[in-house]
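**Q** build me a structure from this.
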Amino acid sequence: MQPSRSPSTPTSQLPPDTRELRRVALSGLLGTTVEFYDFLVYGTVAALVFGDLFFPQADPAVGTIAAFGTFAAGYVARPLGGIVFGHFGDRLGRKSMMLLTMVLMGCGSFLIGLLPTYDAIGVWAPVLLVALRVVQGLAIGGEWGGATLMVVEHAERTQSSRRGLWSSATQLGAPLGSVLSAGVVTLVSTLPDEQFRSWGWRIPFLLSFVLLGVGLFVRLRVAESPLFAEGRRETSARPPVLEVLRRPKPVLLACCVGIGAFTAQSLLTGFMISYATENGHSRSQVLTAVTIASCVALVVLPTASALTDRVGRRPVVLAGALASAALAFPVLWLVDSGSPGLLILALVLGHGIAQSTMYGPLGALFSEMFGTKVRYTGASLGYQAATLVGAGFSPLIATSLLASNGGGSTPVSLLLCGGALITAVTVWRMPETHTDTLDTPVPLPQQQPAPEGIRP
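**A** Below you'll find the predicted structure:
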């Protein structure tokens, strides 16, 4: 193992492996940023105009629920994407799947930007919208696992004691994508309302094609994961997903650990735009608050991830979960106050600090729970199942609860608090993994009774 080097060390003086690690980390950051930008733009625009444009015959509340229903469709597809791309990523390699997921996401988002509305093609508009949203879900379902494992597995060969810090590069894609998506939507939402509803909402989706080109340029220049390359000749006839599901405890633990972070992410970004605007805040105020909170997350997230390399993954994630649970009611009270300043404070506390502290360490933590032969499948399945349960249905459930509760925020606070407590209880019962060495190659089933690649 090579000693860690200062981030200020000139790239030309670094060993080839360390230079490659930096290149892979940049690739992971740019790739996940593009993917999350595309995915989160949908949630933001859905909260603003999709109810009217694609479900115009519905009651306003029903239209919002339907719009968030299409939002949930993308999350339903994410575990399937994790299984499909995880299978081929564990068999064929991480890099090729990273390229494919990025192309799918970019093209799916671009086509949403060209999609006719209900007034133009009738019921086919929401049908095609759901289909393209599913494409987005499949793509991001495979994206996170490939990008994260490339960074973590490269770090294992050079700076294994800093896996948490390096893995935060891919985790930063979520808040950075949120900043970009909120920023672009904020700009186009300054258009007159009629122009925004007519064509302005399409611009953020069409811009994804430009981001796709930048992301592909960087990803084509990185090398395959060294752990995968060393063990690629030792494969099992059994599909990786069956190896993982033979002993499902690690996947279930990963899912439960991630629920709190994704519930908070979903409720305090896309859903909050709809909720806050209906409670007196202007669209620009809410988007500004989301952007500021995401900028805070860009600092908190790598800091929390780096801290896990010193004190462990469990205590940091647990602290974030307990903070999120404690803030669940105050955050909604601050939003309900009607004050733009308190709205910003609410999202900074809930999303920028508490949620980011839970979310940052997940890349390293999930990677350490599975062996190399099934790591792409196992980590992706656990992560995407958490997004489905925690984020996919949260806006839909919250909107339905609000409609049936007369608009009171208590059900939303309970939903936020419940997700955080699930994470807290689960991570409390998990073993610590930050000092473990990633295995390669993993013994095959005939050499070891336990399922291949599942770490005890």
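
**Q** buried sites along stretch 253-260?
**A** In terms of neighbour count (16 or more other C-beta atoms under 10 Å), stretch 253-260 has its buried residues at 253, 254, 255, 256, 257, 258, 259, 260. The C-beta positions use only the backbone N, C-alpha and C, and glycine is treated the same way.

**Q** adding pLDDT and distance to residue 32, write these out as JSON lines.
**A** JSON lines is the format used below for the buried residues of stretch 253-260 (pLDDT from 0 to 100; distance: C-beta to C-beta, whole Å):
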{"residue": "253", "pLDDT": "93", "distance to residue 32": "23"}
{"residue": "254", "pLDDT": "93", "distance to residue 32": "18"}
{"residue": "255", "pLDDT": "94", "distance to residue 32": "20"}
{"residue": "256", "pLDDT": "95", "distance to residue 32": "23"}
{"residue": "257", "pLDDT": "96", "distance to residue 32": "19"}
{"residue": "258", "pLDDT": "95", "distance to residue 32": "15"}
{"residue": "259", "pLDDT": "95", "distance to residue 32": "20"}
{"residue": "260", "pLDDT": "95", "distance to residue 32": "20"}
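
**Q** so of those residues, which ones are in helices?
**A** 253, 254, 255, 256, 257, 258, 259, 260 (DSSP state H).

**Q** where does the protein dip in pLDDT?
**A** 1-17, 58-72, 159-160, 231-237, 407, 439-456 (pLDDT under 70).

**Q** so which residue is smack in the middle of it?
**A** residue 174 (5.6 Å; C-alpha atoms, centre = their mean).

**Q** related to what we said a few turns ago, what would the buried residues of stretch 253-260 look like in JSON lines with distance to residue 409?
**A** As requested, the buried residues of stretch 253-260 are exported to JSON lines (distance: C-beta to C-beta, whole Å):
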{"residue": "253", "distance to residue 409": "31"}
{"residue": "254", "distance to residue 409": "30"}
{"residue": "255", "distance to residue 409": "27"}
{"residue": "256", "distance to residue 409": "25"}
{"residue": "257", "distance to residue 409": "26"}
{"residue": "258", "distance to residue 409": "24"}
{"residue": "259", "distance to residue 409": "20"}
{"residue": "260", "distance to residue 409": "19"}
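
**Q** chain center to stretch 318-333, what's the gap?
**A** Centre-to-centre, stretch 318-333 and its host chain are 20 Å apart (C-alpha atoms, centre = their mean, to the nearest Å).

**Q** do stretch 429-438 as well
**A** The mean C-alpha position of stretch 429-438 is separated from the chain mean by 22 Å, C-alpha atoms, centre = their mean.

**Q** sec struct for residue 83, please.
**A** helix (DSSP: H, G, I helix; E, B strand; the rest coil).

**Q** skip the chain neighbours and tell me the closest residue to it.
**A** Closest residue in space to residue 83, ignoring its immediate chain neighbours: residue 241 at 5.1 Å, by C-beta to C-beta, 6 or more residues apart in numbering.

**Q** give me the number of residues near that neighbour?
**A** For residue 241, the tally of surrounding residues (other C-beta atoms under 10 Å) stands at 20.

**Q** make sure it is indeed in a helix.
**A** Yes. Counting by three-state DSSP, residue 241 is part of a helix.

**Q** pull up the gap between it and residue 147, please.
**A** With distances taken as C-beta to C-beta, to the nearest Å, residue 241 is found 20 Å from residue 147.

**Q** please apply the same query to residue 181.
**A** Residue 181 sits 18 Å away from residue 147, going by C-beta to C-beta.

**Q** check residue 326 too.
**A** Counting by C-beta to C-beta, the gap from residue 326 to residue 147 is 32 Å.

**Q** between those two, who's got more neighbours?
**A** residue 147 (31 against 14).

**Q** what are the ranges of the helices in the stretch 101-250 of the chain?
**A** Counting by DSSP state H, counting those that start in this stretch, the stretch 101-250 of the chain has helices at residues 118-121, 124-158, 163-171, 173-188, 193-198, 203-206, 208-219, 226-231, 240-246, 249-267.

**Q** and the angle from the third one to helix 249-267?
**A** Calculated by axes from the mean of the first three to the mean of the last three C-alpha atoms, to 10 degrees, helix 163-171 forms an angle of 50 degrees with helix 249-267.

**Q** show me what helix 163-171 is packed up against.
**A** Applying 3 or more C-beta pairs under 8 Å, 6 or more residues apart in numbering; DSSP states H and E, one finds that helix 163-171 contacts helix 16-45, helix 124-158, helix 283-311, helix 362-367.

**Q** before we move on, what about the first one?
**A** Based on contacts counted as 3+ C-beta pairs under 8 Å, 6+ apart, the elements that helix 118-121 packs against are helix 51-54.

**Q** can you rerun that using 7 Å?
**A** The contact analysis (3 or more C-beta pairs under 7 Å, 6 or more residues apart in numbering; DSSP states H and E) places helix 118-121 against no helix or strand.

**Q** can you list contacts of it?
**A** If you take C-beta atoms under 7 Å, 6 or more residues apart in numbering as the criterion, helix 118-121 is touched by 53, 54, 56, 125, 126.

**Q** among the helices of the stretch 101-250 of the chain, which is nearest residue 394?
**A** Counting by C-beta to C-beta, residue 394 lies closest to helix 249-267 out of the helices of the stretch 101-250 of the chain; the figure is 4.5 Å.

**Q** neighbouring contacts of the closest one?
**A** By C-beta under 7 Å, 6+ apart, helix 249-267 touches 244, 317, 321, 324, 350-351, 354-355, 358-359, 362, 366, 369-370, 378, 381-383, 385-387, 389-391, 394-395, 398, 412, 415-416, 419-420, 422-423, 426-427, 430, 454-455.

**Q** next one: it to chain centre, how far?
**A** Distance, centroid of helix 249-267 to centroid of chain: 11 Å (C-alpha atoms, centre = their mean).

**Q** quick one: it to helix 173-188, angle?
**A** Using the same axes, to 10 degrees: helix 249-267 against helix 173-188 is 20 degrees.

**Q** got the angle for helix 249-267 vs helix 16-45?
**A** Using the same axes, to 10 degrees: helix 249-267 against helix 16-45 is 50 degrees.

**Q** next up, the contacts around residue 109.
**A** Counting by C-beta under 7 Å, 6+ apart, residue 109 has contacts 38, 136, 205, 208.

**Q** just the buried ones from the residues you listed?
**A** 38, 136, 205, 208.

**Q** so residue 281 is in contact with residue 344, correct?
**A** No. Judged on C-beta atoms under 7 Å, residue 281 makes no contact with residue 344 at a distance of 10.5 Å.

**Q** and residue 120, how many neighbours does it have?
**A** Around residue 120 there are 10 other residues, counting by other C-beta under 10 Å.
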